[in-house]
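# Pasted the sequence and its predicted model underneath.
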Amino acid sequence: MIIKTESLKRSFQVGSEKVEALKGINLSVEKGEFLSIMGPSGSGKTTLMNIIGCLDTPTSGSYFLNNKLVNDLDEDNLALIRNREIGFVFQSFHLLAKNSALNNVILPLKYAGIKQDEANRLARNVLDKVGLSDRINHAPSELSGGQQQRVAIARALVNNPSIVFADEPTGNLDSQTGDDVMKLFKELNNQGQTIILITHEEEIAKQTNRIINIKDGLIESDVRI
């Protein structure tokens, strides 16, 4: 079991009002799954991703990552887990504009304390894996949207994470480029990578192997395809 949550709750204070974003989520994810989390705006899906991605902590309940209770860890230890165990891919790529594709991918390795020569080798390998070995010295402005997203995916993969979270990864792409990115995710999953996709697009979700629908802070349905 790579992810397990038990009665996971998260509330926020908005002025004088207490907002319950998650109302008791019980979720299990096995290693090697490719699943999507869907839900309307305000359903709690982003809050759930932030917690299981170690960007936030629950108000109550338990979250286990690789059988380790992580919700009581301090920020330094959460940052360590984010760097070593989790890769993130976002809708807007989040690439450094003045850095080459290679240097964007190297960045997490620097944070992990990997020496330059080894970081360079690992980054080149993963850029080759996503089909960008001929674009490693290009800046983001010299790449298409699909190529930029592939750089972002390479950056997410470079530390060999337990899980890759992809938050609306095709949202800024045309349909053909979005299909290409989804094919890449499928290839990575076939190689054993655990991938959790956050999306509001049903056609994208249908390309994963399991669809979890969240509504009003609770899991409304959990369907394996």
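Now that the structure is in, tell me what you want to look at.
# For the protein, which segments are assigned as strands?
All strands of the chain, identified by DSSP state E, fall at 3-14, 17-29, 34-38, 60-65, 68-69, 86-90, 163-167, 194-198, 210-215, 218-224.
# elements contacting the longest one?
Packed against strand 17-29 by the contact rule (3 or more Cβ pairs under 8 Å, 6 or more residues apart in numbering; DSSP states H and E) you find strand 3-14, helix 45-52, strand 218-224. Backbone N, C-alpha and C define where each C-beta goes, glycine included.
# Residue 69: neighbour count?
Residue 69 is flanked by 11 other residues according to other Cβ atoms under 10 Å.
# hang on, I meant residue 110
By other Cβ under 10 Å, the residues close to residue 110 number 12.
# That one against residue 118, yeah?
No. Here residue 110 does not reach residue 118: they are 11.1 Å apart, not a contact under Cβ atoms under 8 Å.
# Give me the nearest residue to residue 196, chain neighbours excluded.
Of all residues not flanking residue 196 in the chain, residue 165 sits nearest, at 5.2 Å (Cβ to Cβ, 6 or more residues apart in numbering).
# Could you do residue 131 as well?
Closest to residue 131 by Cβ to Cβ, 6+ apart is residue 150, at 6.5 Å.
# Hmm, the one you found is touching residue 133, no?
No. Using Cβ under 8 Å, residue 150 is not in contact with residue 133, being 11.0 Å away.
# Please say which of these two ends up with more neighbours.
Using other Cβ under 10 Å, the more surrounded residue of residue 150 and residue 133 is residue 150, with 25 against 12.
# Look up how far residue 116 lies from that one.
23 Å (Cβ to Cβ, to the nearest Å).
# least trustworthy helix or strand in the protein by mean pLDDT?
Least confident helix or strand of the chain, by mean pLDDT, DSSP states H and E, is helix 75-85 with a mean of 89.
# Quick check: bridge partners of the most centrally placed residue in the chain?
With distances taken as Cα atoms, centre = their mean, residue 165 lies nearest the centre of the chain, 1.3 Å away. Beta-bridge partners of residue 165, counted by DSSP bridges, are residue 88, residue 196.
# Show the contacting residues for it.
Counting by Cβ atoms under 8 Å, 6 or more residues apart in numbering, residue 165 touches 49, 52, 53, 86, 87, 88, 89, 196, 198.
# if you set the cut-off to 10 Å instead, what comes out?
37, 49-50, 52-55, 86-90, 156, 194-198 (Cβ atoms under 10 Å, 6 or more residues apart in numbering).
# which outside residues touch the helix ranked longest in the chain?
The longest helix of the chain (DSSP state H) is helix 175-190. Contacts to helix 175-190, defined as Cβ under 10 Å, 6+ apart, come from residues 32-35, 89, 129-131, 144-147, 149-150, 152-153, 156-157, 164, 166, 169-174, 193-195, 197, 201, 203-204, 207-209.
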